[in-house]
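K.L.:
I'd like to go over a predicted model; first the sequence, then the structure.
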Amino acid sequence: MIKRILAIDIGNTAATVGFYEGGRLLDFGSIYYDDIPKYAYKLINSGKEHHIDVIISSVFPEITKKVKFSLGTKKGQKVWVVGQNLPIKIRHKYNNYSNLGCDRKVNAYGAIKMYRLPMLVIDYGTAITFDYIDAKGVFQGGMIIPGPETAYRALGQRAALLPKYLALPRKSKAFLGKNARECMESGILEGYGSMTDELIQRFRKRYGKNLRVLATGGFSGVIRPYTKNIDIVDPQHSVKSLLALFREHR
């Protein structure tokens, strides 16, 4: 029987999903919470074997309960939740490790298992996290910064004369904007790009020039052209990490 696995990373505003069959990633994307059960059942019923192992990593407990309940009601269906029936253990120097977000634990675990260390993992989501894993595979700590979309929307909502409800830009038209929208687009992309580069340089100054940098999250591919110091961009890192965690424990 070919193993079928659905990895779900539930963030603060949406979920990232990756569907594996026989170890191959067949589908990847971002969906809204309410669409997860429908998406999962479509996959479950698409194969000869109506069974998928569902793996969930989440920073949103209320949504986790709803998704787990809706998927677990199908007879024989197994749902694994990171930190509950799927333990995740990494060596760390973090205070109150139980309060560290599951997304950060999973990202760190994947970096330790799949890459040469030391490594800085930058995850661009509702918040941006910068997490440092040393050469011995020990998670040392990190930073949390408001994400690009969070800042972009807040700017439009709190500044009376600026455009509101704009979609997060994928590319700026010019370095110097010629109207309010263009100025906001350039400010977000160039601003977060330069912030990323400067923080990477500060990490390397403290922890060594051999520190590698992995960027993930939905905005990682967008920000790449506006940075110079990112080594690896992989928006799929979270679902790959969930697959690696599941394989190790199952």
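P.N.:
Sure, I can see it.
K.L.:
since we're on Asn96, how many residues are nearby?
P.N.:
6 (other C-beta atoms under 10 Å). Heads up, the C-betas are built off the backbone N, CA and C, glycines and all.
K.L.:
from now on call the first residue 52
P.N.:
Understood, numbering begins at 52; the last thing we discussed is Asn147.
K.L.:
residues contacting the spatially most central residue of the chain?
P.N.:
Closest to where the C-alpha atoms of the chain average out (C-alpha atoms, centre = their mean) is Gly268, at 4.1 Å. Contact partners of Gly268, counting by C-beta atoms under 8 Å, 6 or more residues apart in numbering, are Ile173, Asp174, Tyr175, Gly176, Ile179, Pro286.
K.L.:
and these, which of them are in strands?
P.N.:
Among these, DSSP state E puts Ile173, Asp174, Tyr175, Ile179 in strands.
K.L.:
From those residues, pick the one nearest Leu94.
P.N.:
Of all the ones in strands among the contacts of Gly268, Leu94 sits closest to Asp174, with 25.3 Å by C-beta to C-beta.
K.L.:
so what secondary structure elements neighbour the top helix by length along the chain?
P.N.:
Using DSSP state H to define each element, the chain has its longest helix at helix 231-258. Secondary-structure packing of helix 231-258 (3 or more C-beta pairs under 8 Å, 6 or more residues apart in numbering; DSSP states H and E): strand 170-175, strand 178-184, helix 199-209, helix 271-274.
K.L.:
Least confident of these, on average?
P.N.:
Within the helices and strands packed on helix 231-258, the stretch with the lowest mean pLDDT is helix 199-209, showing a mean of 87.
K.L.:
Can you tell me which of the helices and strands packed on helix 231-258 is nearest to Gly193?
P.N.:
Closest among the helices and strands packed on helix 231-258, using C-beta to C-beta: strand 178-184, at 3.7 Å.
K.L.:
next SSE after the closest one?
P.N.:
Following strand 178-184 in sequence order, the next helix or strand is strand 190-197 (DSSP states H and E).
K.L.:
buried sites along stretch 294-301?
P.N.:
Within stretch 294-301, the residues scored as buried using 16 or more other C-beta atoms under 10 Å are Leu294, Ala295, Leu296, Phe297.
K.L.:
The second one reaches Ile163, doesn't it?
P.N.:
No - with contact defined as C-beta atoms under 8 Å, Ala295 does not reach Ile163; the gap is 9.5 Å.
K.L.:
Excluding chain neighbours, what is closest to Ile179?
P.N.:
Excluding its sequence neighbours, the residue lying closest to Ile179 (C-beta to C-beta, 6 or more residues apart in numbering) is Ile196, at 4.4 Å.
K.L.:
Now for the one you found: which residues touch it?
P.N.:
Taking C-beta under 8 Å, 6+ apart, we find Ile196 in contact with Ala178, Ile179, Thr180, Phe181, Met246.
K.L.:
Near the last one, how many residues? Count them for me, please.
P.N.:
Using other C-beta under 10 Å as the criterion, Met246 is surrounded by 15 other residues.
K.L.:
Likewise for Ile56?
P.N.:
Ile56 - counted by other C-beta under 10 Å - has 23 other residues nearby.
K.L.:
So what pairs up with it in the strands?
P.N.:
Tyr71, Asp104 (DSSP bridges).
K.L.:
Repeat that for the one 10 residues further on.
P.N.:
Partner residues in beta bridges with Ala66: Ile61, Ile82, with DSSP bridges as the criterion.
K.L.:
and it, how many residues sit next to it?
P.N.:
Neighbour count for Ala66, taken as other C-beta under 10 Å: 22.
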